[in-house]
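A.B. asks: my questions concern the predicted model and sequence given below.
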Amino acid sequence: MSKCVCMIAEFRGGNFRRVSFEVASEGKRIADSLGLSLCGIAVGSGVADKAADLGRYGVDKVFVADDPALENYVAEAYVPVVAEIVAKCDPAVIVLPASVDGKDLGARLAGRLQAGLAQDCTEVVCENGAVKAKRPIFAGKCFAWCEWAEGALPVISCRPNVMDCFAPMEDKRAEIEKVDVSIPAARSRVTGVDLDTSGKVELTEAEIIISGGRGMKGPENYALIEELAGLLGAAVGASRAAVDSGWRPHSDQVGQTGKVVNPNLYIAVGISGAIQHLAGMGSSKFIVAVNKDPEAPIFSKADYGIVEDLFSFIPAFKEEVEKHKSTCS
């Protein structure tokens with residue numbers, strides 16, 4: 001019988017990303033349903049000092065591979081290391097983040113293990129000892145339930161900001177087992193580089209996102225929503241049209257060919273609402289659209305719509321936010 005449910009954490013910049021705690025919480029729910037323990041895999045540089053913190057979210061034991069060569073995600077180094085640790089865990093189920101790195105790792109790991117993979121899942125249930133996972137298909141127009149044959153190993157990547165995260169148990173720490181693994185020498189010229197050095201809020205983990213589209217008319221006008229984002233503690237995103245125009249970097253792109261986001265509040269400013277953009281933000285809890293065209297497709301998806309010129313509305317909205325913050329301080 002398999003020993004545990006296994007969650008794979010994502011460690012970056014000296015800390016676990018919040019999605020790691022969401023995955024740990026979901027892993028704990030699965031483990032409890034199957035009557036198994038929950039183990040974790042933590043790979044990175046300096047991760048050993050933080051690994052016990054995963055216990056606050058239900059992880060019983062963490063297998064740690066800590067090495068300077070693992071500071072940044074590079075597939076040909078990470079995949080063999082994680083696969084070697086998975087062999088030690090003998091898991092019944094593997095769960096990991098459906099982040100940019102997590103999707104790549106999940107696909108490669110499933111191929112190496114000859115396991116069945118369900119990517120970008122929004123719900124996982126256990127029925128009669130079997131695991132089922134729900135994932136969006138056809139650009140989010142519908143959902144599919146994935147099942148595995150008896151004896152197969154499910155590998156499930158969980159969409160960030162969707163799975164409920166446990167309130168941390170402050171007095172609980174996970175058992176740590178450091179694993180000596182052989183890190184393969186790179187066979188290519190690919191080098192892992194941490195590009196996120198600005199300290200800005202990561203799109204996939206943001207509670208609030210303000211995105212601008214073609215209606216912003218130029219890169220200089222993004223200062224309007226950047227100032228508003230600063231007041232709200234929000235991340236700034238962009239539509240594909242804005243990115244293709246060179247107004248924002250690709251890392252800011254929200255959509256089917258960018259990042260899939262699930263904030264509590266998504267404010268779409270000057271975005272018409274192309275289907276590929278809706279696929280990337282359609283599951284946001286509340287959507288507010290600001291567009292001067294009342295026929296813009298974005299309004300069909302929005303919970304609240306403002307038919308107004310953004311260059312009039314955003315400064316007025318910013319002023320009201322500033323007033324509210326001053327009265328509350």
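C.D. replies: Good, I have the coordinates. A quick note: this is a predicted structure, and the numbers were derived from the prediction, not measured.

A.B. asks: residue contacts, the nearest residue to Trp247 once chain neighbours are set aside?
C.D. replies: Distance criterion Cβ to Cβ, 6 or more residues apart in numbering; nearest residue to Trp247, sequence neighbours excluded, is Pro219 at 4.0 Å. The way it works is simple: take the backbone N, C-alpha and C, and place the C-beta from them, glycine included. Pro219 makes contact with Gly246, Trp247, Arg248, according to Cβ atoms under 8 Å, 6 or more residues apart in numbering.

A.B. asks: the last one and Ala241 touch, don't they?
C.D. replies: Spelled out, it's Arg248. No: contact criterion Cβ atoms under 8 Å: Arg248 and Ala241 do not qualify, at 10.2 Å.

A.B. asks: picking up where we left off before, so can I have a markdown table of the contacts of Pro219 showing neighbour count, secondary structure and distance to Cys146?
C.D. replies: Converted to a markdown table, those look like this (neighbours: other Cβ atoms under 10 Å; DSSP: H, G, I helix; E, B strand; the rest coil; distance: Cβ to Cβ, whole Å):
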| residue | neighbour count | secondary structure | distance to Cys146 |
| --- | --- | --- | --- |
| Gly246 | 8 | coil | 39 |
| Trp247 | 21 | coil | 38 |
| Arg248 | 20 | coil | 34 |
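
A.B. asks: which one of these is nearest Gly270?
C.D. replies: Trp247 (11.1 Å; Cβ to Cβ).

A.B. asks: gap between the closest one and Ala238?
C.D. replies: Distance of Trp247 to Ala238, given as Cβ to Cβ, to the nearest Å: 7 Å.

A.B. asks: follow-up on the earlier one: closest to Ala139 out of the contacts of Pro219?
C.D. replies: For those, the nearest to Ala139 is Arg248 (21.7 Å; Cβ to Cβ).

A.B. asks: just give the nearest non-adjacent residue to the closest one, would you?
C.D. replies: Nearest to Arg248 is Ala238, by Cβ to Cβ, 6+ apart, at 3.9 Å.

A.B. asks: try Lys88
C.D. replies: Phe63 (6.3 Å).

A.B. asks: what number of residues lie near that neighbour?
C.D. replies: 23 (other Cβ atoms under 10 Å).

A.B. asks: packing partners of the helix or strand containing it?
C.D. replies: Per DSSP states H and E: Phe63 is located in strand 61-66. Strand 61-66 is packed against strand 37-44, helix 75-89, strand 175-178, with contacts defined by 3 or more Cβ pairs under 8 Å, 6 or more residues apart in numbering; DSSP states H and E.

A.B. asks: what comes up buried for the longest one?
C.D. replies: In this case it means helix 75-89. Using 16 or more other Cβ atoms under 10 Å as the test for burial, helix 75-89 gives Ala75, Ala77, Tyr78, Val79, Pro80, Val81, Val82, Glu84, Ile85, Val86, Cys89.

A.B. asks: go on, the shortest one?
C.D. replies: Judged by neighbour count (16+ other Cβ under 10 Å), strand 175-178 contains these buried residues: Ile176.

A.B. asks: off-centre distance for the next helix or strand after it?
C.D. replies: Past strand 175-178, further along toward the C-terminus, the next helix or strand under DSSP H and E is strand 208-212. Distance of strand 208-212 from the chain centroid (Cα atoms, centre = their mean, to the nearest Å) equals 16 Å.
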